[in-house]
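need coordinates for the following:
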Amino acid sequence: MSAQKQELQELDRISILFQLGFRPFFLGAGMIAVLFMILWTASYSFGWAHSFPRMSSIHWHAHEMLYGYAMAVIAGFLLTAVCNWTGQPALQGTGLMLPFLLWLAARLASMLDLAVSPWLMLICDLGFWILLSVAVMKPILKVRQWRQSGILAKLLLLGFSNLAFYAGIMGWFADGIRWGLYGGLYLIIGLVLTMGRRVIPFFTERGVGYSVELKNSNWLDLCGIVIFLFFFAWELLFPGSDYSAHFALALFAIHAIRISGWLTPGIWKKPLLWSLFAAYFFMISGFLLHAGNRYFGWNPFLAVHAFAMGGIGLISLSMMARVSLGHSGRSIHEPPSNLTYALALLISGVIFRVFFPLLWPEEYLTWIALAQVFWILAFGIFLLLYYPILTRPRIDGLPG
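Numbers count the residues shown, from 1 in each chain. Sure, this is the predicted structure:
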């Protein structure tokens with residue numbers, strides 16, 4: 001009887017998991033953030049020999065952090081947000097399970113060096129991207145919410161960038177791996193900057209506990225978009241050119257002015273606010289480090305990890321924590337107390353990975369290993385805290 005009851009509870013947990021997009025995709029993102037970083041640490045820092053399908057371990061790590069981890073966070077966020085934006089029914093049940101299982105199958109195939117693995121990855125990632133794009137586009141087009149067109153464009157381009165990566169590892173496109181990885185990185189940065197411009201001042205105004213109005217500048221928005229497009233194009237077509245360094249420096253200045261206009265003392269009392277600001281700072285410091293690579297010969301991977309680990313990693317952890325609370329009926333102003341440790345660990349990891357190598361480059365491998373451990377600990381804490389939230393019903397009894 002107890003075994004039957006336990007089986008029913010597991011079936012109920014699965015049913016709950018696929019009620020809204022943030023649940024399976026945030027849980028999946030947290031799991032591979034830990035498991036894949038453990039695998040990468042074993043390979044890079046401890047010399048564990050493991051063959052990946054038609055790609056080096058570095059290319060596997062970069063691809064899975066972008067198109068595995070980050071795309072899962074993006075999918076969970078968009079599938080949850082689009083029903084709020086449009087008032088249309090959310091994707092759930094079997095319709096939600098299918099894209100999630102395709103995403104998961106691609107991740108599992110990436111670890112197996114089999115002849116069919118690249119094809120399995122390609123087919124599953126392609127299927128996941130198509131289903132996700134349709135699920136996001138359909139309600140937006142139905143209500144003609146054209147202001148979301150920029151987000152849709154970036155989502156579509158992310159799929160083509162991933163296809164370029166696969167064309168590279170298959171030998172169909174000589175520069176496909178670089179286009180796929182850097183194209184994906186910069187598109188996700190663009191998406192994060194777009195969403196950050198919307199949500200950081202909005203969350204700040206409603207989260208600090210006092211009246212404050214934070215305004216965005218239209219000319220900063222326009223300059224940021226235009227210069228970012230030039231930066232993106234130059235980096236793909238003419239990597240390492242002086243022009244891309246100039247564009248990066250301009251982007252740092254633009255976004256530094258923007259974030260300075262959002263600062264208000266109350267953010268320092270709210271972990272889910274100061275972590276967003278820290279992530280935005282790390283993100284824009286990536287532009288400064290990118291320019292420094294051209295001007296002063298700084299290691300180019302410092303900029304890459306400021307973007308990826310500091311910007312994308314930290315802002316996604318903060319957003320997953322916040323969205324999961326809000327859409328499970330909990331207060332976004334009262335996150336689990338131990339979440340602060342996860343955020344602090346990840347920030348410490350970024351500092352070790354990005355800034356310490358500038359000061360003590362001779363200990364480069366040590367800083368990388370520490371950053372890897374801190375990443376694993378941060379997302380391990382997130383999983384422990386949020387697994388019950390993601391797999392149990394809303395506490396207010398509402399659907400979702």
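
what segments of the stretch 151-300 of the chain are helices?
Counting by DSSP state H, counting those that start in this stretch, the stretch 151-300 of the chain has helices at residues 176-207, 218-237, 242-260, 271-296, 300-305.

right, so of those, which gets closest to residue 318?
Residue 318 lies closest to helix 271-296 among these, at 4.1 Å (C-beta to C-beta). Placement of C-beta: from N, CA and C, glycine included.

next, count neighbours for residue 183.
Residues within reach of residue 183, counting by other C-beta atoms under 10 Å, total 22.

lowest mean pLDDT among the helices and strands, pick that one out for this structure.
One helix or strand of the chain scores below all others by mean pLDDT, DSSP states H and E: helix 2-17, with a mean of 61.

check what pLDDT the residue nearest to residue 201 when sequence neighbours are not counted gets.
Distances taken as C-beta to C-beta, 6 or more residues apart in numbering place residue 214 nearest to residue 201, at 3.8 Å, with adjacent residues excluded. What the model reports for residue 214 is a pLDDT of 90.

with residue 50 instead?
Predicted confidence (pLDDT) for residue 50: 83.

helix/strand/coil for it?
coil (DSSP: H, G, I helix; E, B strand; the rest coil).

I'd like to know which of the helices of the stretch 151-300 of the chain is closest to residue 156.
helix 176-207 (9.8 Å).

that closest one vs helix 218-237, what angle?
Here the directions of helix 176-207 and helix 218-237 differ by 160 degrees (axes from the mean of the first three to the mean of the last three C-alpha atoms, to 10 degrees).

now helix 176-207: mean pLDDT?
What helix 176-207 shows for mean pLDDT is 93.

what packs against that helix?
Helix 176-207 sits against helix 57-63, helix 71-86, helix 149-169, helix 218-237, helix 242-260, helix 271-296, helix 314-326, with contacts defined as 3 or more C-beta pairs under 8 Å, 6 or more residues apart in numbering; DSSP states H and E.

same question for the first one: list its buried residues.
Judged by neighbour count (16 or more other C-beta atoms under 10 Å), helix 57-63 contains these buried residues: 57, 59-63.

sorry, back to before: now the helices and strands packed on helix 176-207 in CSV, with distance to residue 351?
Formatted as CSV, the helices and strands packed on helix 176-207 follow (distance: least, C-beta to C-beta, whole Å):
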stretch, distance to residue 351
helix 57-63, 20
helix 71-86, 22
helix 149-169, 29
helix 218-237, 25
helix 242-260, 18
helix 271-296, 9
helix 314-326, 11
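
mind putting the ones you listed into JSON lines with mean pLDDT?
Output for the helices and strands packed on helix 176-207, formatted as JSON lines (pLDDT from 0 to 100):
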{"stretch": "helix 57-63", "mean pLDDT": "96"}
{"stretch": "helix 71-86", "mean pLDDT": "93"}
{"stretch": "helix 149-169", "mean pLDDT": "94"}
{"stretch": "helix 218-237", "mean pLDDT": "94"}
{"stretch": "helix 242-260", "mean pLDDT": "95"}
{"stretch": "helix 271-296", "mean pLDDT": "96"}
{"stretch": "helix 314-326", "mean pLDDT": "96"}
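
and of these, who's closest to residue 22?
Of all these, helix 71-86 sits nearest to residue 22, with 4.3 Å by C-beta to C-beta.

what's the following helix or strand after the closest one?
Later in the chain than helix 71-86, the nearest helix or strand by DSSP states H and E is helix 94-109.

dump that next one to CSV, restricted to CA.
C-alpha atoms of helix 94-109 as CSV (Å, rounded to 0.1, in the frame of the first residue of the first chain):
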residue,chain,number,x,y,z
THR,A,94,2.3,17.0,-22.8
GLY,A,95,2.8,20.2,-24.8
LEU,A,96,5.4,21.3,-22.3
MET,A,97,6.9,17.9,-21.7
LEU,A,98,7.8,17.4,-25.3
PRO,A,99,10.2,20.4,-25.7
PHE,A,100,11.7,19.7,-22.3
LEU,A,101,12.4,16.0,-23.2
LEU,A,102,14.0,17.1,-26.5
TRP,A,103,16.2,19.6,-24.6
LEU,A,104,17.1,16.9,-22.1
ALA,A,105,17.9,14.3,-24.7
ALA,A,106,20.3,16.7,-26.5
ARG,A,107,22.1,17.3,-23.2
LEU,A,108,22.5,13.6,-22.5
ALA,A,109,23.7,12.9,-26.1
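
report the angle between that helix and helix 149-169.
Counting by the same axes, to 10 degrees, helix 94-109 lies at 30 degrees to helix 149-169.
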